[in-house]
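Chemist: sequence plus the predicted model coming up.
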Amino acid sequence: MKHKIYCEVCRVSFVYRDEVEKGKVVVCTVCGAELEINETEPEIKASRYPQDPETEIRNRSENFARLRDYTFNEDKELVIEGLLGKNEMYGDFYCPCRFENIPEHVCPCLPTRSNEVRKLGHCY
Ligand SMILES: [Zn+2]
């Protein structure tokens, strides 16, 4: 089965090729966010799977790295710490390396989701 699921983290829909049911946790193939299926009829609705912030951002970044075949550099823990700080202060995982706290900068940020890593050789 092929389903379209809207991800509220990266704000696009992705194709999910497996069974869906209420309560199932799926990984967004665009950003790596873990989403819980809340409804399947008349359309699939999913929202961020509730978990503690550190687990959420660690899982998201590890899922994203796996999806893109990226590896973490020695700054990983520093960035995770920065993301947790931003989440505590501003309510979401905005990139600690970027000044503006806007939806496009929620980790993994839009440039990173749009393949900037391939161009720069690393995350901004
Ligand atoms: Zn997503």
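Modeler: Sure thing, it's come through.

Chemist: hmm, Glu39 is touching Lys22, no?
Modeler: Yes. With contact defined as CB atoms under 8 Å, Glu39 counts as touching Lys22 (6.8 Å). (Each C-beta comes from the backbone N, C-alpha and C, glycine too.)

Chemist: mind checking how far the residue of the chain most remote from its centre is from the ion?
Modeler: Distance from the C-alpha centroid of the chain, by CA atoms, centre = their mean, peaks at Pro42 (25.2 Å). Computed as CB to the ion, to the nearest Å, the Pro42 to the ion distance reads 22 Å.

Chemist: that residue sits in which helix or strand?
Modeler: Assigned by DSSP states H and E, Pro42 falls within no helix or strand.

Chemist: and stretch 22-33 with the ion, contact?
Modeler: Yes. Judged by CB under 5 Å from the ion, stretch 22-33 and the ion are in contact via 28, 30-31, 33.

Chemist: so Glu77 is in which element?
Modeler: Per DSSP H and E: Glu77 is located in helix 76-90.

Chemist: tell me what that helix is packed against?
Modeler: Counting contacts by 3 or more CB pairs under 8 Å, 6 or more residues apart in numbering; DSSP states H and E, helix 76-90 packs against helix 53-68.

Chemist: right, I'll leave it there.
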